[in-house]
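Next come a sequence and a model predicted from it.
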Amino acid sequence: MRYFKKYLFCILVIITVQFVFKKYVFSQGTSEEQTKEAETSEEKKELTEPTPVLEIRRLEAEVPLYSIELRGVDLADFFRVIAHDYSLNIIVDKNVKGKVVASFTNISLEEALERIAEIYNLTLEKKENIIVVKPKEIVYRVFKLKYISVKDLFPGLKEEERGEREKQREERKSERDEIKEIREKVEK
């Protein structure tokens with residue numbers, strides 16, 4: 001019993017010392033205001049940055065159907081988890097970026113992947129037993145329209161603005177002509 005009292009006393013002393021040490025020694029370099037600011041900034045971070053949610057449950061059915069809940073999940077992480085958990089071979093391109101927010105019920109895994117890829121402008125290419133996820137290639141084409149004028153395109157454009165644009169166009173044309181002349185002289 002005597003040893004028990006000494007043991008209990010030692011534990012209380014250690015706890016008290018730890019409390020005092022934490023409260024006063026670690027806060028020596030900071031003022032109370034700085035401590036409060038740090039606490040409020042941590043609270044703001046918690047409020048502004050929601051924790052990502054990735055929940056996938058298999059529903060009981062003849063055909064494998066799933067219930068999928070995604071909130072703020074990184075696209076690359078989503079595909080990585082799907083590959084790992086469902087034994088798929090998925091390669092995700094480094095340019096696949098963004099956060100997924102989706103909620104599916106009674107959907108096949110393949111259809112869910114296709115819908116997410118469609119919404120986030122991605123392509124899923126299946127090569128043998130490997131699925132490659134990459135951004136869709138955007139094709140840009142420039143068409144030169146010969147029989148249309150600025151007046152037809154912008155009927156609300158003021159005459160002054162039209163005149164200014166025509167002057168700018170003429171200046172560019174004269175500059176191009178001058179450059180052509182200089183090139184011809186240099187080539188001779």
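Now that the structure is in, tell me what you want to look at.

show me where the chain has strands.
Applying DSSP state E to the chain gives strands spanning 53-59, 65-74, 89-92, 99-107, 122-127, 130-135.

Each with direction, which strands does the first one pair with?
Sheet pairing here is set by DSSP bridges, and for strand 53-59 it gives strand 65-74 (antiparallel).

what's the angle between the strand it pairs with and strand 99-107?
Calculated by axes from the mean of the first three to the mean of the last three Cα atoms, to 10 degrees, strand 65-74 forms an angle of 180 degrees with strand 99-107.

can I get the strands of the chain in CSV with mean neighbour count, distance to L113 and mean pLDDT?
To be clear about C-beta, it is placed using only N, CA and C from the backbone, and glycine gets the same treatment. Listed next are the strands of the chain as CSV, based on neighbours: other Cβ atoms under 10 Å; distance: least, Cβ to Cβ, whole Å; pLDDT from 0 to 100:
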stretch, mean neighbour count, distance to L113, mean pLDDT
strand 53-59, 13, 12, 72
strand 65-74, 17, 10, 87
strand 89-92, 15, 9, 91
strand 99-107, 14, 10, 88
strand 122-127, 13, 6, 90
strand 130-135, 17, 8, 91
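
Including distance to K173, could those go into TSV?
Formatted as TSV, the strands of the chain follow (distance: least, Cβ to Cβ, whole Å):
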stretch	distance to K173
strand 53-59	58
strand 65-74	51
strand 89-92	49
strand 99-107	48
strand 122-127	43
strand 130-135	39
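
K144 is nearest to which of those?
The minimum distance between K144 and the strands of the chain falls on strand 130-135, with 28.7 Å, by Cβ to Cβ.

Who are the packing partners of the closest one?
strand 89-92, strand 122-127 (3 or more Cβ pairs under 8 Å, 6 or more residues apart in numbering; DSSP states H and E).
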